[in-house]
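Novice: Pasting the sequence and the predicted model now:
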Amino acid sequence: MTATQDRPATEIGKDRRRKEDQRLITGRTRWTDNITLPGMLHMAMVRSPFAHATITSIDTEAAKASTNVVAVLSGKDFGDELGVCINAWPITPDQKTPGHSPMPADRVAFAGEIVAVVVARTAAEARDAAELVDVEYDELPAVVGIKKALTDEVLAHPDLGTNKSALWVFDSAEAGTGTDVEAAIATARTDGIVIERDYRQQRLIPAFMEPRSVVVDPTGEQITMWSATQIPHILRFALAATTGVPESKIRVIAPDVGGGFGGKLQATPEEWIAWAVARRLSRPVKYTETRSESLMAAHHGRDQVQTLTLAADKEGKVTALRVHLDADLGAYIALVGGGVPVLGAFMFNAIYKFPAYRFECQTVLTNTTFTDAYRGAGRPEATYAIERLMDELAAEVGVDPLEIRERNWIKHEEFPFTTVAGLEYDSGNYEAATALAKESFGYDALRAEQKERRDRGDRVQLGIGVSTFTEMCGLAPSRVLGSLDYGAGGWEHASVRMLATGKVEVVTGTSAHGQGHETAFSQIVADRLGVPFEDVEVLHGDTQVAHRGLDTYGSRSLVVGGEALVQAVDKVIDKARHLASHLLEASQDDLDYADGKFTVRGTDQGVAIQELATATFTGHNYPDDMELSIDAEATYDPVNFNYPHGTHLCAMEVDTETGAVKMRKYTCCDDIGNIINPLIVAGQVHGGLVQGIAQALWEEAVHDEAGTLVSGSFVDYLLPTAADTISFDVQHTQEPSVCTTNTLGTKGVGEAGTIASTPAVVNAVVDAVRHLGINDIQMPCTPERVWRAIEDSRAGGATETPPDAMPHFAEGEANQDSTDGAGQ
Amino acid sequence: MIPVQFDYLAPTSVEEALAALGQHGDDAKILAGGQSLLPVLRMRLNAPEVVIDLGGISSLRGIRDDGDALVIGAMTTHHDVRDDSLVKEHALLLSKAAAEVADSQIRHRGTFGGALAHADPAGDLGAPALALGAQFVIAGPGGSRTVDAADFFVDLFETAIGDDEILTEVRIPKHTGWGAHYEKFVRVAHQWPIVAVAATVRGSIDEARVGLTNMGSTPLRATATEQALAGASATEDGVREASQLAAEGTNPPSDLNGAADYRQHLARVLTGRAVLKAAGA
């Protein structure tokens, strides 16, 4: 009773430090690799060095004879028990889908694919013996790069007969959501503006901090898998569906997980192999990948070539957008790999009122690591394309890039607004976010400095980049996902357990891997139920504890999982009201509930929720028509996505002598509806920004022509550290556009920074050198690429053949002159 | 990332270390801080049977004044080289370059001699050592010998140190009062340099020494630039003109961070900047 009186007025909106951080930061917790079980064996993988090869023989004798080796198993040693790696999102009925065995017995299709597993008493002994496994291969020609794949001259999977997996099309005229694209483009060609560009989304590696790790314990009634995963529930379903073990016999636990960024949204070969080995040997096994293995064989992200046509009238009002994507799936179609580019289909029109829109996505198979979700998944690619194009349109019309956006964006009084892609945006205020961002950034002063530097011919030029993004997040309405042929729903589940002592256990079906759910969800429950923040324990990530759930990705945990939690809490209060009415001998209609207490209106009589919890424990006094529990659970399926948005402004300095780029200022004003914990939001925004900036400037996974990953360590795959970034100016509008389809009014924020920042940075870099005749620089904007763009512009746009480091880039396509010869 | 099993020896004297090296020969690797060796072992790019750790040999640590030269013990950390007052006074270039090695954690573990003996052409200390005319004192079974910097760096990861020898100390001729600057060009802070230029000048400019990092299989001197700078005045135009010669005779690599022609361009630009900063211009 007294504890509740000390509670601050509201928890929501408070900068609570994260309650999980002590254990996460010190590592004194259950990371999967920290788990040690009695009699546990360790696994090491033997991986193919070739991108495409037939396995002719595997000699395991020397490995088997090695010290403390218990078993050496190859694909031939397993039957159906190995299961398959599933594709849960076939994007078209006729999609070409190669079979994906966790450990193929006959042919490997990318460098890093597992061909054998060594099981030993220690990890070191397993690793040593793995080097003794003698695999003979007949190397096959490998197809690397989208352009080569499209020719079908070399096939990633010869039995499929083509590298083209699926063509997915959305056309606004056909869908009835807009007019005909071709007609609008034809009109613009004669009486308007047509901007045609090809942009490349380089391949990225999610590079989560904790490498993937899996422990399987086959002893006990349920087989238990601990995995460093984002998706324990989906894993459980997939294991049951593909290995013949009844779902009821499977328990999956995602203990504390060190980051994912989509990279742990996967049903991995390593997990399936660990599962099969543990069952085969009836012993617990553990596998933890090395960083080298992680970079090579954990799924990659992005990797698209975008062919874009934007039509506008002479004033810069867009009349049509036509998008053709070629997306590299890698060697297999991973869990949701094919669907990632399709998620972008609805976002190319972004915040704008385009009358006509057509989107095509051709997915292709290559002999490279398979690709799948990476922070933003489909939406960064779309946002990049349209925000780069809007800057190009502004340059063509000769107006400020913010002005060109304003001429096209949805005005705040026009919400709810149904877009040309068929989504209904419920709320937003692009004017307010832009005004605040512009002011905080010091836009006009920086524009003045830019002009001054240009006029002076300064060695260091200044560029300003704009990105006014929106995204669809909070995956998602199950019916919508069904209409897209997605293999699961998008609902979420929560339960609230009122313990005898008045403490509260909250169970969520979301699965945090660094987001701070324990803190944010405690804040929600503290406010909604009226109990102290400290009294709430949030449980997650264990299918035995959280029996229903769809896990964490797509900025869904708060907006879907948090809403399920609110509904469960409301049910607790409803049940408790019945008991309170009985104990207080008052009508339910006369009871008020506030601050964790029912009071009888007009009296000083009351009973706290904790007392009611105790009363259900003792059961000494309760109404006859009441079930003796005030626990509750709820499943929430949203009716719509939600649509956070923001205006991001970036100032970059470009050293025109060396091509070096340096961030000068970055301001973002994100409208994400109501904010539960500003500190956590700031962390999400800062981290998201850095990942998006890293795509613009640093990260690129490069395969050579033979399909070997050249950027196979952090020496060559460049991740930024705090030393490489600046302090960001993070703003939010004072009166946010709250989400109208959930009661908390929240919108997703986990991916916002990543989605918005990449085009802002590249727009700024290009803006700094646009006066030299440059209109594009390929990502990542390395100093060499920037320098070559400047050199080429000075030489009058001379072109060179792109070197091998850009295997995915189609030569000779429009508007890429400035990037030729860059990078290597 | 588990290395192949190896035996670990921790001698407490140079004699003991040499004896161990003599016994194990090719099968042994010297551990001198381990900031390059351990990743190599963990990625199984090398699998020595014996690792001989010099960390317990106290005589190999420290910096002393030896008349016309400073003597830097091979096991002195980058951090200590950077912070040492004698180094700042008599070999400022080394202090500046040591400050740019990797990150703080590595500078506290990695050693001056270890990095030089590793002879990574992208390492930050070879070019300044070459520019300053360092002499390398190498102990072997027959006693010690001294090798000039110009002869010390032989090729990629290859030095004049024999299989049965250990680098014990480096003598740096005093460059008291010389201005210095180490201009390092990277994409991210913790990276090896794409190109770096080590410049030290007497007066402005009576004499200049310019070393180039990662512009060939060994550290290089930009001798043409040095000659053009001698007696020149430290004006921007003059220095930049002399710097146009900086890439002469270089043979830089082409990799993900830059093609050879880009590196040569960088060498010219960065040389100008380094010399101007060294000259205080």
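Specialist: Yep, that arrived.

Novice: Please count neighbours and contacts with C-alpha atoms only from this point.
Specialist: Noted.

Novice: then stretch A:606-626 to CSV, C-alphas only?
Specialist: Presented in CSV, the C-alpha positions along stretch A:606-626 are these (Å, rounded to 0.1, in the frame of the first residue of the first chain):
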residue,chain,number,x,y,z
GLY,A,606,-10.5,1.0,-1.0
VAL,A,607,-8.5,-2.0,-1.8
ALA,A,608,-5.2,-2.2,-3.6
ILE,A,609,-4.5,-4.5,-6.6
GLN,A,610,-1.8,-6.2,-4.5
GLU,A,611,-4.3,-7.0,-1.8
LEU,A,612,-6.6,-8.5,-4.4
ALA,A,613,-3.8,-10.6,-5.8
THR,A,614,-3.2,-11.9,-2.2
ALA,A,615,-6.9,-12.6,-1.8
THR,A,616,-6.9,-14.8,-4.9
PHE,A,617,-3.9,-16.7,-3.4
THR,A,618,-5.5,-17.3,-0.1
GLY,A,619,-9.0,-17.8,-1.6
HIS,A,620,-10.6,-17.3,1.7
ASN,A,621,-13.2,-14.9,0.5
TYR,A,622,-14.4,-14.4,-3.1
PRO,A,623,-17.7,-14.3,-5.0
ASP,A,624,-19.3,-17.6,-6.0
ASP,A,625,-19.4,-16.6,-9.7
MET,A,626,-15.7,-15.8,-9.9
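
Novice: tell me which residues of it are tucked away?
Specialist: Buried residues in stretch A:606-626, counted by 16 or more other CA atoms under 10 Å in any protein chain shown: A:606-617, A:622.

Novice: Contact partners for residue 149?
Specialist: If you meant another chain, say so; for now it's chain A. For A:A149, the contact set (CA atoms under 8 Å, 6 or more residues apart in numbering or on different chains) comprises A:V143, A:L155, A:A156, A:N163, A:K164, A:V364, A:L365, A:T366.

Novice: actually it's chain B I care about, not the one you picked
Specialist: So B:A149 contacts B:A129, B:L130, B:G133, B:A134, B:Q135, B:F136 (CA under 8 Å, 6+ apart).

Novice: which residues does A:T501 contact?
Specialist: A:Q610, A:A613, A:T614.

Novice: I'd like the buried residues of stretch A:606-626 as CSV, with pLDDT and secondary structure appended.
Specialist: Converted to CSV, the buried residues of stretch A:606-626 look like this (pLDDT from 0 to 100; DSSP: H, G, I helix; E, B strand; the rest coil):
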residue, pLDDT, secondary structure
A:G606, 97, strand
A:V607, 98, strand
A:A608, 98, strand
A:I609, 98, helix
A:Q610, 98, helix
A:E611, 98, helix
A:L612, 98, helix
A:A613, 98, helix
A:T614, 98, helix
A:A615, 98, helix
A:T616, 97, helix
A:F617, 97, helix
A:Y622, 97, coil
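
Novice: farthest-separated two in those?
Specialist: Taking CA to CA, the two most distant members of the buried residues of stretch A:606-626 are A:G606 and A:F617; they sit 19.0 Å apart.

Novice: Get me the contact residues on chain A for chain B.
Specialist: Residues of chain A lying near chain B by CA under 8 Å from any CA of the partner chain: A:124, A:127-128, A:290-291, A:657-658, A:660, A:698, A:715-716, A:718-721, A:723-724, A:782-784, A:805, A:823-824.

Novice: same thing but at 7 Å, please
Specialist: A:A124, A:D128, A:T290, A:T658, A:P720, A:A723, A:D724, A:E784, A:G823, A:Q824 (CA under 7 Å from any CA of the partner chain).

Novice: just to revisit the earlier point, possible to save the contacts of A:T501 as a markdown table with distance to B:G73?
Specialist: What follows is the contacts of A:T501, written out as a markdown table (distance: CA to CA, whole Å):
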| residue | distance to B:G73 |
| --- | --- |
| A:Q610 | 69 |
| A:A613 | 71 |
| A:T614 | 72 |
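
Novice: Now do A:R794, the pLDDT please.
Specialist: With respect to pLDDT, A:R794 scores 88.

Novice: Which residue ranges of the stretch 51-200 of chain B form helices?
Specialist: Here the stretch 51-200 of chain B has its helices, by DSSP state H, counting those that start in this stretch, at B:78-83, B:85-90, B:92-98, B:104-109, B:112-118, B:126-131, B:149-152.

Novice: picking up where we left off before, kindly reformat the residues of chain A next to chain B as CSV containing neighbour count.
Specialist: Below are those laid out as CSV (neighbours: other CA atoms under 10 Å in any protein chain shown):
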residue, neighbour count
A:A124, 18
A:D128, 21
A:T290, 18
A:T658, 23
A:P720, 20
A:A723, 10
A:D724, 15
A:E784, 24
A:G823, 27
A:Q824, 17
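
Novice: closest to B:T235 among these?
Specialist: Nearest to B:T235 among those, with distances taken as CA to CA, is A:T658, at 20.3 Å.

Novice: tell me the secondary structure for that closest one?
Specialist: Secondary structure, DSSP: H, G, I helix; E, B strand; the rest coil: A:T658 is coil.

Novice: Could you find the closest non-adjacent residue to it?
Specialist: Nearest non-adjacent residue to A:T658, counting by CA to CA, 6 or more residues apart in numbering or on different chains: A:W787, 6.0 Å away.

Novice: Quick one: neighbours of that neighbour, just the number.
Specialist: Applying other CA atoms under 10 Å in any protein chain shown, we find 25 residues neighbouring A:W787.

Novice: Also A:R407?
Specialist: The burial count for A:R407: 15, using other CA under 10 Å.

Novice: ok, the residue nearest to B:K96 when sequence neighbours are not counted - contacts?
Specialist: Excluding the flanking residues, the one nearest B:K96 by CA to CA, 6+ apart is B:Y182, at 6.0 Å. By CA atoms under 7 Å, 6 or more residues apart in numbering or on different chains, the residues touching B:Y182 are B:L93, B:K96, B:A97, B:V197, B:A198, B:A199, B:A274.

Novice: How about the contacts made by B:G211?
Specialist: Counting by CA under 7 Å, 6+ apart, B:G211 touches B:A127, B:P128, B:L130, B:A131, B:V197, B:A198, B:A199, B:P219, B:L220, B:R221, B:A222.

Novice: For the fifth one, give its distance to chain A.
Specialist: It stands for B:V197. 14 Å (CA to the nearest CA, to the nearest Å).

Novice: Tell me what that residue is bridged to.
Specialist: With DSSP bridges as the criterion, B:V197 is bridged to B:E183, B:L212.

Novice: confidence score at residue 53?
Specialist: This is for chain A. 98.

Novice: oops, chain B please
Specialist: 98.

Novice: what residues does stretch A:395-414 touch?
Specialist: Against stretch A:395-414 from outside (CA under 7 Å, 6+ apart): A:315-318, A:351-353, A:390-391, A:394, A:428-430, A:466.

Novice: out of those residues, which one sits closest to B:G140?
Specialist: For these, the nearest to B:G140 is A:V466 (63.3 Å; CA to CA).

Novice: name the element the closest one belongs to?
Specialist: A:V466 belongs to strand A:460-470 when elements are defined using DSSP states H and E.

Novice: Any stretches of the chain with poor pLDDT?
Specialist: Unless you meant another one, I'm taking chain A. A:1-8, A:797-824 (pLDDT under 70).

Novice: Pick out the residue of chain B closest to chain A.
Specialist: Here chain B gets closest to chain A at one residue, B:L256, 4.7 Å apart by CA to the nearest CA.

Novice: how far away is that residue from A:V702?
Specialist: Using CA to CA, to the nearest Å, B:L256 is found at 9 Å from A:V702.

Novice: List the contacts of B:V14.
Specialist: B:I57.

Novice: from memory A:A350 sits against A:T468, does it?
Specialist: No: A:A350 is beyond contact range of A:T468, at 8.5 Å (criterion: CA atoms under 7 Å).

Novice: The top helix by length along chain B: which residues count as buried?
Specialist: Scanning chain B for the longest helix, with DSSP state H as the assignment, gives helix B:260-278. For helix B:260-278, a neighbour-count test (16+ other CA under 10 Å) marks B:260, B:262-278 as buried.
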